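The following comprises the amino acid sequence and a computationally predicted model.
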Amino acid sequence: MASISSRCVLCLRVGLPMTREHIFARWLVSRVHGARLVPSTMSTSQPPWSSAPLRISRETAQVCAECNAGWMSGLEVSFRRTIFARPRVGALHAPERTTLSRWFAKTAVLLAHARGSELGAAAHRAEIVSGMPDDLEVFVARHRRPRQHLDFAVELRTDRSADAQRAHSVVVLVDDLVGHVAVHGTLKSRHGTKLWPLRTHALRWENLPVITSLLAG
Ligand SMILES: [Zn+2]
């Protein structure tokens with residue numbers, strides 16, 4: 001399905017051919033046996049107008065065909081290799097941290113958008129095309145015993161009068177890896193360890209903090 005009337009959520013360009021894509025790629029849904037899963041924290045991630053939970057695998061977003069076939073496709077390959085190609089032990093090097101940060105960020109932005117909200121400033125949004133939006137931070141942790149291996153929650157701001165269209169943060173679980181994405185200064189140590197912006201000291205898979213619930217208090 002293609003249309004040319006909309007603005008791409010990610011690169012913010014208009015007038016390009018658009019495609020409606022699944023936010024979680026088919027390979028990933030298959031890999032984590034997620035075809036029938038719904039978000040575990042319905043109260044924060046369910047749109048108010050919806051009565052039946054939407055399957056995670058059916059979440060879609062409209063992005064331009066150039067983003068979809070270009071950097072998003074490459075990022076998906078890099079993400080898959082980073083978290084599934086080998087056991088998650090040893091150092092998390094800068095390229096891997098960047099791949100994880102960008103994948104969690106683009107996924108978070110699309111999930112927030114699908115909930116009728118926005119994560120981060122539009123002025124920085126298109127930076128995801130070649131790197132990371134300058135206003136976002138990403139924390140990661142491992143989930144001790146997740147009941148499902150694909151999950152997410154969009155935490156909306158409680159102060160609706162101030163900024164109704166802003167998401168507070170978005171958390172995404174893939175396998176046992178949890179990524180929290182929010183604007184700088186939002187996340188706390190209970191959300192994990194800082195993955196982005198890049199830090200100079202070493203980060204190791206086996207040393208990632210362990211959390212026991214997706215929203216982590
Ligand atoms: Zn685009």
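All right, it came through fine. Since the structure is predicted, the reported quantities are computational estimates derived from the model, not experimental observations.

C-alpha only now, for contacts and for neighbours.
OK.

buried ones in stretch 134-146?
Residues 134-143, 146 are the ones in stretch 134-146 that count as buried (16 or more other C-alpha atoms under 10 Å).

which residues are contacting it?
Stretch 134-146 has contacts (C-alpha atoms under 8 Å, 6 or more residues apart in numbering) with 101, 104-105, 120-121, 124, 127, 176-185, 187, 191-197, 208-214.

Repeat that for stretch 178-193.
Against stretch 178-193 from outside (C-alpha under 8 Å, 6+ apart): 104-105, 108, 119-120, 135-143, 168-173, 208-211, 214-217.

Now intersect the residues you listed with the helices, please.
Assigned to helices by DSSP state H, the following of these qualify: 104-105, 108.

Restricted to buried residues, select those residues in ChimeraX.
Those of these that count as buried under 16+ other C-alpha under 10 Å are selected in ChimeraX with:
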select :104,105,108
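
Nearest to the ion, out of the ones in helices among the contacts of stretch 178-193: which one, please.
Set against the ion, the nearest of the ones in helices among the contacts of stretch 178-193 by C-alpha to the ion is residue 105 (14.7 Å).

can you pull the pLDDT of the closest one?
Per-residue confidence (pLDDT) for residue 105: 98.

How about the secondary structure of the closest residue to it other than its chain neighbours?
In this structure, residue 105 finds its nearest non-sequential neighbour in residue 181, 6.2 Å apart by C-alpha to C-alpha, 6 or more residues apart in numbering. Of the three states, residue 181 takes strand under DSSP: H, G, I helix; E, B strand; the rest coil.
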